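Engineer: below are the sequence and a predicted model; questions follow.
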Amino acid sequence: MKRNRPPAAGQKFLRKILPINEQKYITEGLEDLFAINLKDRGKFLTLFWYWKEILMTTIVIIKDNLIGSTIMLKNYLKIAFRNMKKYKFYTLINFIGLAMGITGSLLVLLFIDHELSYDIFHNNQENIYRMILEHPVKFAKGRTIFPSTPPAMKGAMLDEFPEVLKASRYKNGPNIIKCDNEIYTVNNFKYVDPEFLSIFNFPLIKGDPATVLSDPFSLVIAEKEAIKLFGNQDPIGKTILADGEHEFAITGVLKNLPVKTYFNIGFLAPIETLNSIQGKDYLNTWGSINYELFVELRADTDLTEFENKLPGFIKRHGYGGNPRDHFMPQKLSDVHLVGEEIDIVDNRRVQTLLLYSAVAFLILLIACFNYMNLATARSTVRSKEVSIRKVVGAKRSELIKQFMGESIILALIALIISIAAVKLALPYFNAFINRELAFAAIFSAKIFITLLFLSITIGFISGAYPAFYLSSFIPQEVIKGSYSHDRRSGVISRNTLIIIQYVISIVLIICTFGIYDQLRYVSELDPGFSKDFILTISLRDQNLSSQAFLDELKAYPNIITGTYSNGTPVKTWGGNLPEWEGQTEDEKETLFFGLQVENEFFDFYGIPIVDGGIFTRENTGPENRQYILNETAVKTTGWENPIGKRFEQGVVIGVVKDFHFSSVRNKIKPLSISRLSGSSRFLSLKIASNDIPDTLKHIENTWKKFSVNYPFSYNFIEDQINSMYESERKLGKSMTFCSLIAIVIATIGLFGLTSFIAQQKTKEISIRKILGATVPNILKMFFGKVSFWILLATIIAVPTAWFTTHKWLNSYAYKTHLSLLSVASAALSAQLIAVVAVGIHVLKTARKNPVDSLRYE
Amino acid sequence: MKETSKYGAYMNEISKLDENVLLIILSLKDNAYIVTIKTRLEKYLNKNISLGTLFLSLKRLTREGYIITKIGKAASKQGGRAKKYYRLTCSGVMKLKEIRRLHTLMWKNFDNLAEEVLES
């Protein structure tokens, strides 16, 4: 019997939307039909049919209700605007709250839309993939993927896979170019295959896409770079000198790239050029894996099957990397989201998007609550209107419609204000998120409809509660005056809303403090090496790696000392999977980071050697190489006495104390240091703390004496450490902003509410004063209540915030704890802000002369 | 009083659906309640008529006075329950007659006229 019944939820819902006197017959009828259907069609189809029935019925009934109401609409609108005009203060509070909330969500919405729409303008974008490499390195949770392939893979794929239609490699080219005797540092010089221009929609202004890249040393230049380099002259046929030795001739001009693309291209040269520079078979290797590869697949390709063919394919060709490396295609649309840096995929960007969406949602919620609070609090004002409407014949449903309509109108007006606010805020927001979001994107159909829907939903949600509350008044009681506006249910829910608002605000504030706690911890953390007044110079020119350069620099009194190295304490190279004495099978793929330094390095950076000593032999080859490991590396190998043990083909001669050579997000990794051999990449200089500009000038002048092809550049170690925590700082800033908005909206709401209550209680206050109450007595009366609310909010908020913050902190290997001070100051500031907001109004009322508010003749 | 046009039709037209519902109620005689009406209507029209649509149509017809409702006795068998039965009123029947009269008027000479058009 029971099994033949339709879902209870559907029946209950149906009863809700039908008029009382019809409910029974129709739901029962539906029940009968359900049973009949069940016999004929089986359970699944019947359920489908049932819910379709419910949906259609709902739509029809809503439509019917709407048609009937158009006549009253004009009246509702008129009353809504009159009310807004009459109570300007409350209208303003509502607008500010809603507009702030909508502005925040709008910005987040724009950002999300922007992030999700990268590289969608290519003709076959859904068939374009980037080949990525999953690397079985054991040192982090998640996957380690690199967007890199061997250079020979492209040709082999085109030959052997029928589903690969086109393919192009994409590789960074020279960083330094010279043109008309000017030297430029560029990061957008790329080597690609000629097919690149036919896979992707990057149109040429000048030149034929089929031939511009066919000869080595030809070059396609982007429009903006052409203007930078040659002004208004026609760039075709002009030449530029790259890396000081290779001359490229310009054959085409590329239209400037759209903003929303992963590619960063200013100069495009055919990748075959590398064969001409480095030797005939340079690109025909499976040994190195430094090339990004994009492929266009046939539309009907089965991706799994394609991916499964790859391991056999690379094996056949003698792939030189780790035998467990796994190649797979990655959709073009995912390329941007995953990030540009070759890094561990932890979907940080997606997480950030989710985080901001959640915060925007919370702010909107606070704004909605404001509206609900104020609307119900002001019910006294509207109760007579409601009663009269009811007496004249308005149905409850009509009143609900009226109040819903009002809040929806308010939300729509707030939307217009928000759009204006976004227009003003967008440049700052763009600078902050480092993107170029276009204001016009708001008016794209997708976003605009979402926005409209969002505003109407906001209006609906925030209007629903007041609408039901207001329409429930009983006319006789209201008009007779026996109606109590302080009905307990209304009061309780209003308090609840305020408490929820403050819970959200306090949680946001505590989380913000938590982020700053961690940032402070990071900046105070001893990295394990000295960083003050040390700058590093990246050396591209052989001439600069000579001792003569350093000697000449050291002659300057403000340059204390210097040391050459390959890598610095903040720039190590990774990807080394060493072998060592007594290594188990399990430890085979442990990633070590590497440094090549001179003996002075340890003193220079103040890195203590805890065991063994410094290098004693020149580093002439792998057999007689000496290694100094860090403590973590020794722990990884499991040696009790590391000195003299075999490491790779060399020997371990010392152990240094651990230092933080990467972000504290990660645990300190194993590091092997060997002696510098050949030319060095970095020069570290320790300079005196005075006259830094002069010192820098001197370094630059000396530089120019040694190198003509490369521009002078330097970095302070401290800046490099700071830049590791850029995303945290941004998070901190944006959370400050968000929590500020949240607390402002919540406080405005509280302010409005108390001002209203104070106004309502004017007579009560006056009588109390006449009977002898002092101003402090009256203040206490209000503060007691408000303080209790905020206290309750704090009690709820602290564990929530503690949990959230610790979840965030857990992504760090080295972390602080949420300090008690942060929690206390967040709670206290919320309390203080609330008390001030309430105090202003109550004080005004309390100090009034009772006569003014009591006499009415 | 309702105004009548030159040809005697009532001014307040009813929709095709309402007309069909009236006819079905008439044909169902004493057994016209929401389930039977819906089932038969769907069978004849061969399309899905949602309960909501039917309910609104019945509401309209009741308001216009073309049908009246009567709550039936609860059936004696297990799970039996009272149903709401619908029956045509005099004015409902009049309305249908009116519709048919108008209908015949409109379709008068259709065959001949149609032939003429087709031949030319």
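Structural biologist: Thanks, I have the structure now. Numbers count the residues shown, from 1 in each chain, chains lettered A, B, ... in the order given.

Engineer: so what pLDDT did residue 48 get?
Structural biologist: Defaulting to chain A. pLDDT, A:F48: 88.

Engineer: should've been chain B
Structural biologist: 86.

Engineer: count the neighbours of it for me.
Structural biologist: By other CB atoms under 10 Å in any protein chain shown, 13 other residues sit near B:N48. Glycine gets a C-beta too; all of them are placed from N, C-alpha and C.

Engineer: the residue nearest to A:I419 when sequence neighbours are not counted: how many residues sit nearby?
Structural biologist: Of all residues not flanking A:I419 in the chain, A:I442 sits nearest, at 6.2 Å (CB to CB, 6 or more residues apart in numbering or on different chains). Using other CB under 10 Å, the number of residues around A:I442 comes to 19.

Engineer: hmm, A:I442 is touching A:L107, no?
Structural biologist: No. A:I442 is not in contact with A:L107 according to CB atoms under 8 Å; the separation is 10.3 Å.

Engineer: between these two, which contacts overlap?
Structural biologist: Shared contacts of A:I442 and A:L107 (CB atoms under 8 Å, 6 or more residues apart in numbering or on different chains): A:V422.

Engineer: doesn't A:Y856 belong to a strand?
Structural biologist: No. Going by DSSP: H, G, I helix; E, B strand; the rest coil, the assignment for A:Y856 is coil, not a strand.

Engineer: in the chain, where is pLDDT below threshold?
Structural biologist: I'll assume chain A. Residues of chain A meeting the criterion pLDDT under 70: A:1-3, A:66-72, A:135-144, A:338-349, A:481-492, A:574-575, A:857.

Engineer: chain B is the one I meant
Structural biologist: Residues of chain B that meet the criterion pLDDT under 70 lie in B:1-12, B:75-80.

Engineer: can you give me the strands in it?
Structural biologist: When assigned using DSSP state E, the strands of chain B occupy the ranges B:67-71, B:84-88.

Engineer: to A:Y469, which of these lies closest?
Structural biologist: strand B:84-88 (33.8 Å; CB to CB).

Engineer: how about that closest one: buried residues?
Structural biologist: Within strand B:84-88, the residues scored as buried using 16 or more other CB atoms under 10 Å in any protein chain shown are B:K84, B:Y85, B:Y86, B:L88.

Engineer: tell me if it is near chain A.
Structural biologist: Yes. Counting by CB under 8 Å from any CB of the partner chain, contacts between strand B:84-88 and chain A involve B:K84.

Engineer: tell me the angle that strand makes with strand B:67-71.
Structural biologist: 150 degrees (axes from the mean of the first three to the mean of the last three CA atoms, to 10 degrees).

Engineer: what helices or strands is strand B:84-88 leaning on?
Structural biologist: Contacts defined by 3 or more CB pairs under 8 Å, 6 or more residues apart in numbering or on different chains; DSSP states H and E place strand B:84-88 against helix B:16-28, strand B:67-71.

Engineer: now tabulate these in a markdown table and tack on mean neighbour count and distance to chain A.
Structural biologist: Converted to a markdown table, the helices and strands packed on strand B:84-88 look like this (neighbours: other CB atoms under 10 Å in any protein chain shown; distance: least, CB to the nearest CB, whole Å):
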| stretch | mean neighbour count | distance to chain A |
| --- | --- | --- |
| helix B:16-28 | 18 | 11 |
| strand B:67-71 | 15 | 9 |
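
Engineer: quick one: closest of those to A:S766.
Structural biologist: Nearest of the helices and strands packed on strand B:84-88 (CB to CB): strand B:67-71, 59.6 Å.

Engineer: that closest one packs against which elements?
Structural biologist: Using 3+ CB pairs under 8 Å, 6+ apart: strand B:67-71 touches helix B:51-64, strand B:84-88.

Engineer: how far does the shortest one sit from its chain's centre?
Structural biologist: From the chain centre to the centre of strand B:84-88 is a distance of 12 Å (CA atoms, centre = their mean, to the nearest Å).

Engineer: contacts for it?
Structural biologist: So strand B:84-88 is in contact with A:25, B:22, B:25-26, B:30-34, B:37, B:58, B:66-72, B:96, going by CB under 8 Å, 6+ apart.

Engineer: state which helix of chain B is the longest.
Structural biologist: Using DSSP state H, we find that the single longest helix of chain B is helix B:90-107.

Engineer: for it, buried residues please.
Structural biologist: B:G92, B:K95, B:L96, B:E98, B:I99, B:L102.

Engineer: what strand or helix carries the residue of the stretch 401-550 of chain A found nearest chain B?
Structural biologist: Nearest to chain B, among the residues of the stretch 401-550 of chain A, is A:K401, at 17.8 Å (CB to the nearest CB). Assigned by DSSP states H and E, A:K401 falls within helix A:396-433.

Engineer: quick check: angle from whichever helix or strand comes after that helix to helix A:396-433?
Structural biologist: Downstream of helix A:396-433, the first helix or strand assigned by DSSP H and E is helix A:445-470. In terms of direction (the same axes, to 10 degrees), helix A:445-470 departs from helix A:396-433 by 140 degrees.
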